[in-house]
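Colleague: need a structure here:
(3 chains)
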Amino acid sequence: MYQLKFDQKVCASCRSADCLLKCQYMTFAGHKEAHGEMMKIMKGKDSRVLNECMTCYACEEYCTRGNHPFYLISEKREEKGLFTAPRPITNQWINMTQMQGKCLVGNVKDKALSCCYIPDLGPLGTGEIFKDVADAGVFGAEFMCPAVHTHFARMSVIKERLPIVIENYRKLGVKEVICLHDECYGTLTSIASAYGMDVPFKPVYYLDFVLQRMKELKDKIKPLNITVAYQRSCSNRLIPDKHALVKKIFNLIGVKAPKRTYQDENALCCAEILRSISGYKLADDVQKRNIDDMLAAGAEYCVFNCPACQSSLSEKVAKRGLKPVHIIDLCKMAIGEKERGTT
Amino acid sequence: MSDILQSLIDIVGEKGVSNEPEELWFYSRDPGVLAPHKPDYVVAPKTTEEVQKIVQLAGREKIPVVPMGNGMSLAGLVIPLKGGIVLDMKRMNKILEVNPMGRYAVMEGGTSQGALKSYLQKNHPTLRHSLPDAPPTTTIAANVSLHGQGRLTNQYGFNSDMVTGLEMVLPTGEICRIGSPSIGPYWFSKGPTLPDLSGLFLGWLGATGIITKVGLKLFPNKKIRDVELFVTDRVELVPQILYKLTHLEVCEDINVWFQPKPQMFLGNFHVTIFFTGDTEDEIEFKRKMIWDSLQEHMDAKDGGFMSVQYMKSTLLEMPGRTIADFADVPKGGGFEYSGPIALIEHYPQYAAKVVELAQKYNVLYASAARLISGGHAMMFSISFAFNRDDAAMMERVEKALDEAMTFALDMGGIPWKPNHKEQKMLLERMEPNARKLLLMIKKNLDPQGIMNPGNWEVNA
Amino acid sequence: MTTIRHIEHEQIVHRCFRCGYCKYPSDYSDFNCPSYKAFGWDTFAPGGRMWLTRAWLHGEIETSARFAEIMFSCVACDNCKDQCVFPKFKDFLPDIFQETRAELVGEGRIPPGVRDYFKAVAVSGNPYKLPQSERGDWAKGTGLKPYTNQKYLFYAGSVGSYDEVGKRMAQSVGKMLVDAGLSVGILGAEEGCDGNDVRALGEMGLFAQLAQANIDTFKAKGVKEIITLDPHALNTFKKDYPALGGKFKVQHYSEVLAELIKKKKIKLKAYPVKITYHDPCYLGRHQQIYSAPREILKAIPKAEFVEMHRHGANAFCCGGGGGNFFTDILGTAEDSASRVRVREAAETGASILAVACPNCAKMLTDAVKMENLEDRLEVLGLAEILERARK
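Modeller: Reported below is the predicted structural model:
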């Protein structure tokens, strides 16, 4: 079984304890307490963190020393049976995402376009931007990154399934897998590497791909001249170096994203996982603060990177006058492929 | 041409009678597993007077009359077990009156559920009736005649409790009104404060007369409907979850279901909670009440609310078009269920029985329970799908259903829309004086035994 | 169970649950299956047909005049296919009914009206038994020229060529196309029956013969693009001809007129009138063309466009689909489709019932008379309406 590579020395010598001090869902008196809790976790002792963590993934980004605090927390929770979500919800996710040999594979050669196991991704990976890879789509549990199970502290499921997913891609004989869900890219890079799994192909982050394509399609771009708020997804915390791509794309297509409180490192979770873990109170509070903040920044659109965030927030932002749109659709709008305001 | 055929043609015209092999074959069966039996004639009346004349003719000739809506009970309730005339009532489909202030509608018995829904939506958008989950082709009269349930059963009881008056053609051919319409022009009460004569017909499956007109209660149709889906893997918690939810008095409808396919549903019991409101505030207020009531199960990690975003439109659809899909799981166009009315506290035992029977008879199961009257009881469906092309599978399903009903009776439940075999099981267990009373009513109302014979035959 | 007869989709027939969604529109407001509406027996609904077909394939019921009536009263309107709740086999319902009819044709047990129709088409080339030489006479005075090497072939079809109501419709369309400056010609006496309804009624041999003759003519003339008057022709040209080697670009005239209006090749003046529109099954449900006719009507200044309760994918057939236009098995009683439909049109308060199919035009024109609605409702083709509003 794969083991998490967690460097205890690095953690022990940490002077910031940012992983916990920056957490938006737990508060600590200061470095001493936060560091102390992390030490307890590391040593397999009980810690309140193991009960209170909301699984927003952010500590993976807050730790700048290359360790994996979130994976460690999740590992220890599973060891102790301290699961985040109600058991039936956890099991439902495990059952729902089980491989049953019902995957769809397009005309895959060197490249595959991964639609994970999310039906919404299929229609996104189309049009001029994806014209060379659109028919190379793959979809299904067999190609789904199992990262979602970190929310439920079921790292064992990830360790069991991720190697099979990687193998399924390998069997396709691909050199590159373009991941339309940033969770897939995060899984194939961050999680795979944290557990020492080999990935025998090059994972390509879709926003890298989109940015490149939009540069090539520059002549077709008509600046949108709109103001937006960006909803950063939890899995983007696994690949923080990729966050800057959003701004580059916005610049290219004439989109303004004014500074707001809950952005970048301070981004708030879409809160749907919080809802299923702990109930509506925290989730409602997080969503309200988040949307208030979007409106205060003068946004007309709420731009998503993750279909799960989009599903959980679309109706709510729309009710408050913001137009929900995926960043790919925003790019399609900029080159005239989609009408403005459509999602 | 036989005298009877000619007499029937004289009553309803040539287009209203058939004794062609095609109609006789079709009207001899329903989509369930019970064996077919051919009628001698299929007749489709258009007026109460035509029904009256047909019943009078049948009385003279001593031939059975079986009133039929869409024949979707799945329990063979309109299979003409002793031949005779099947009365297809669907041409009597006029909606005669809606009294919006009195919140009731009056219509001919063959009016379909779908037509009433559509009519109200168009003409009285603030009103609705308790729409069953059966296909929209099913009729109002058939539904109340078998004590059907619908979307408002959790709030207001069986759909037959919502009847506000009846027009009946008695087995003697007399036409008679029941309830307030027997006294005056208004159809607001099926019985009270009079002796409630509707009990002579509701639940009798056409064995005591033919419903030609029905008055039905209508209820507020709020602007917004919403749904939450709570899941637990501990079946023993289901009764208390339901108790907590019904205590709120805010739920439109509550269903509990479990099924092994698709995979995501495996191992969990799903409580679908519908609620309504005229404003977002009302909806949110009710949503919070629902979530708060089950918080302790979430804290104990024993249950949680699923995200319903992807399923919402399917769950909110009325009637639920995907319900029939179960019939096609074994690619065979059929399912049948036993639906005992039972106490909610017995949910775990019933649930275990479904799985046991499915394994024993190697058939595919699904189960859905609907709460009745805020939790006084539930209809617990034990459903098995089958392939119509596989006679052995159909036989296994029939056996499984028979055993399910024996179990339900042992548990003190009573069958919903019992088929003729189950009716006999019931009568055998019934307290003797109750059985005697039933016999007395049937004999007095239908002395010749011509009404849907084979059903509620107390002397059998 | 032993199967004594066979059809291509026999493995599906037992999967029908006969739940009856198929006979409704999506809001359940009325019966949307014309044969069920007209006959009122469950056997005449799609579920009845499925169950009876199964019984018949297994020899539980025999071939009979009644069975044939049940099968041939289906107007192939495709409502059942749209409304059936079983996604895995719903698309095949119309095929099953068509295959059953074909099998009955093979057995030679078909209603007399159907037999006469086949005979007329086989012998005369049209159901009216009129001379082929008169087929192009309708075009006189329209400015339409015989097809030589124009961009488009305008295909009028039998109803447009021989029926009075149909001819009016063909003439108005033809004139409109010519006046808009389109390069278009007709085959006239060289035009053949499209075969759509022959196929729907199950005479596969005759259909193949008709289709092949048309394809050969089109190819010999160098036809690349076809505009059809009749959605029935549109349907078979698009759906069935390619498999027989006839690959052409085919459009319905409503699509072409809508485009011409957009390009301002047809200019319109104010015509204050209330119009409703009847979707032909072969244009709507079969070919998914719903917007072009509406664009045309909405483009008329001052005209008020109003929908019937059942419209678009939920439209109620005029009763003339699948060959019933000629065989008239549905009859003309009060609950016959065309009479129900014109009553529904009259309920909208419109004074014009716009149609886009010559079969619908004729069916509904007759029904208006039967319902005594002549003072209130006029049935007109899209181009006939445009003529009145043309600058």
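Colleague: quick one: low-confidence ranges for the chain?
Modeller: By default, I'm working from chain A. The model of chain A has pLDDT under 70 over residues A:341-343.
Colleague: should've been chain C
Modeller: For chain C, the stretches with pLDDT under 70 are C:1.
Colleague: and the residue of the stretch 101-250 of chain B that's closest to chain C?
Modeller: Nearest to chain C, among the residues of the stretch 101-250 of chain B, is residue B:114, at 2.7 Å (CB to the nearest CB). Using the backbone N, CA and C atoms, a C-beta is placed for each residue, glycine as well.
Colleague: how near is that residue to residue C:30?
Modeller: Separation of residue B:114 from residue C:30 (CB to CB, to the nearest Å) stands at 9 Å.
Colleague: just want to know which of these two has more residues nearby.
Modeller: Counted by other CB atoms under 10 Å in any protein chain shown, residue B:114 and residue C:30 do not tie: residue B:114 has more neighbours, with 25 against 20.
Colleague: now the more buried one: which helix or strand?
Modeller: Taking DSSP states H and E as the definition, residue B:114 sits inside helix B:113-123.
Colleague: list the buried residues in that helix.
Modeller: For helix B:113-123, the neighbour count (16 or more other CB atoms under 10 Å in any protein chain shown) marks B:113-120 as buried.
Colleague: thinking again about what came up before, hey, what's in contact with both of residue B:114 and residue C:30?
Modeller: residue C:24 (CB atoms under 8 Å, 6 or more residues apart in numbering or on different chains).
Colleague: on the three-state scheme, residue A:19 is what?
Modeller: Here residue A:19 is helix, with the state taken from DSSP: H, G, I helix; E, B strand; the rest coil.
Colleague: include pLDDT when you put the buried residues of helix B:113-123 into a markdown table, please.
Modeller: Output for the buried residues of helix B:113-123, formatted as a markdown table (pLDDT from 0 to 100):
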| residue | pLDDT |
| --- | --- |
| B:113 | 98 |
| B:114 | 97 |
| B:115 | 97 |
| B:116 | 98 |
| B:117 | 98 |
| B:118 | 97 |
| B:119 | 98 |
| B:120 | 98 |
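Colleague: looking at these, which is nearest chain A?
Modeller: Once CB to the nearest CB is applied, the member of the buried residues of helix B:113-123 that ends up nearest chain A is residue B:117, at 25.8 Å.
Colleague: do you know how far that closest one is from residue A:203?
Modeller: Distance of residue B:117 to residue A:203, computed by CB to CB: 51 Å.
Colleague: likewise for residue C:114?
Modeller: From residue C:114 across to residue A:203, the span is 63 Å (CB to CB).
Colleague: what about these two, which has more around it?
Modeller: Using other CB under 10 Å, the more surrounded residue of residue C:114 and residue A:203 is residue C:114, with 25 against 21.
Colleague: for the more buried one, which non-adjacent residue is spatially closest?
Modeller: Spatial nearest neighbour of residue C:114, excluding adjacent residues (CB to CB, 6 or more residues apart in numbering or on different chains): residue C:327 at 5.1 Å.
Colleague: for the residue of the stretch 101-250 of chain B closest to chain C, give me its contacts.
Modeller: Contact analysis of residue B:114 by CB under 8 Å, 6+ apart lists B:135-137, B:319, C:24, C:28-29.
Colleague: restrict those to contacts with chain A.
Modeller: Of the residues in the contacts of residue B:114, proximity to chain A by CB under 8 Å from any CB of the partner chain holds for none.
Colleague: possible to save the residues you listed as CSV with distance to residue C:71?
Modeller: Listed next are the contacts of residue B:114 as CSV, based on distance: CB to CB, whole Å:
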residue, distance to residue C:71
B:135, 23
B:136, 25
B:137, 21
B:319, 29
C:24, 21
C:28, 26
C:29, 27
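Colleague: just the buried residues of those residues.
Modeller: Buried members of the contacts of residue B:114, counted by 16+ other CB under 10 Å: B:135-137, B:319, C:24, C:28-29.
Colleague: nearest to chain A among these?
Modeller: residue B:319 (24.6 Å).
Colleague: those residues of chain A touching chain B, which are they?
Modeller: Within reach of chain B by CB under 8 Å from any CB, chain A has these residues: A:83, A:85-89, A:91-92, A:95-96, A:98, A:100, A:272, A:275-280, A:311-312, A:315, A:319.
Colleague: among those, which lie within helices?
Modeller: With helices taken from DSSP state H, the overlap with the residues of chain A next to chain B comprises A:87-89, A:91-92, A:95-96, A:272, A:275-278, A:280, A:311-312, A:315, A:319.
Colleague: which elements pack onto the top strand by length along chain A?
Modeller: In chain A, assigned by DSSP state E, the strand with the most residues is strand A:226-231. Applying 3 or more CB pairs under 8 Å, 6 or more residues apart in numbering or on different chains; DSSP states H and E, one finds that strand A:226-231 contacts helix A:244-252, strand A:255-256, helix A:280-296, strand A:301-304, helix A:307-319.
Colleague: dump the ones you listed to a markdown table, plus distance to residue B:58 and mean neighbour count.
Modeller: Shown next, in a markdown table, are those (distance: least, CB to CB, whole Å; neighbours: other CB atoms under 10 Å in any protein chain shown):
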| stretch | distance to residue B:58 | mean neighbour count |
| --- | --- | --- |
| helix A:244-252 | 78 | 17 |
| strand A:255-256 | 77 | 20 |
| helix A:280-296 | 61 | 18 |
| strand A:301-304 | 67 | 26 |
| helix A:307-319 | 58 | 19 |
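Colleague: what separation is there between the spatially closest residue to residue B:253 that is not a sequence neighbour and chain A?
Modeller: Spatial nearest neighbour of residue B:253, excluding adjacent residues (CB to CB, 6+ apart): residue B:274 at 4.3 Å. Per CB to the nearest CB, to the nearest Å, residue B:274 is found 18 Å from chain A.
Colleague: can you give me phi and psi for the residue nearest to residue A:307 when sequence neighbours are not counted?
Modeller: Excluding its sequence neighbours, the residue lying closest to residue A:307 (CB to CB, 6+ apart) is residue A:120, at 4.2 Å. Main-chain dihedrals, residue A:120, degrees, to the nearest 10: phi -60, psi -20.
Colleague: check residue B:259 too.
Modeller: Torsion angles at residue B:259 (phi, psi; degrees, to the nearest 10) stand at phi -160, psi 150.
Colleague: my guess is it contacts residue B:366. True?
Modeller: Yes: counting by CB atoms under 8 Å, residue B:259 does reach residue B:366; the two are 4.0 Å apart.
Colleague: apart from its chain neighbours, what residue comes closest to the closest residue to chain B within the stretch 151-300 of chain A?
Modeller: Using CB to the nearest CB, the closest approach of the stretch 151-300 of chain A to chain B is made by residue A:280 at 5.1 Å. Nearest residue to residue A:280, sequence neighbours excluded (CB to CB, 6+ apart): residue B:291, at 5.1 Å.
Colleague: which strands and helices lie in contact with the helix or strand that neighbour falls within?
Modeller: Assessed by DSSP H and E, residue B:291 sits inside helix B:280-293. If you count contacts as 3+ CB pairs under 8 Å, 6+ apart, helix B:280-293 packs onto helix A:280-296, strand B:224-232, helix B:238-248, strand B:269-277.
Colleague: pull the contacting residues for the nearest residue to residue C:95 once chain neighbours are set aside.
Modeller: Leaving aside its chain neighbours, residue C:95 sits nearest to residue C:9 (5.6 Å; criterion: CB to CB, 6+ apart). Residues near residue C:9 by CB under 8 Å, 6+ apart: C:92, C:95-96, C:99.
Colleague: give me the buried subset of those.
Modeller: Using 16+ other CB under 10 Å, the buried members of these are C:92, C:96, C:99.
Colleague: so which of these are in helices?
Modeller: Counting by DSSP H, the buried ones among the contacts of residue C:9 place C:96, C:99 in helices.
Colleague: which one among the buried ones among the contacts of residue C:9 gets closest to chain A?
Modeller: Looking across those and measuring by CB to the nearest CB, the closest to chain A is residue C:92, at 22.2 Å.
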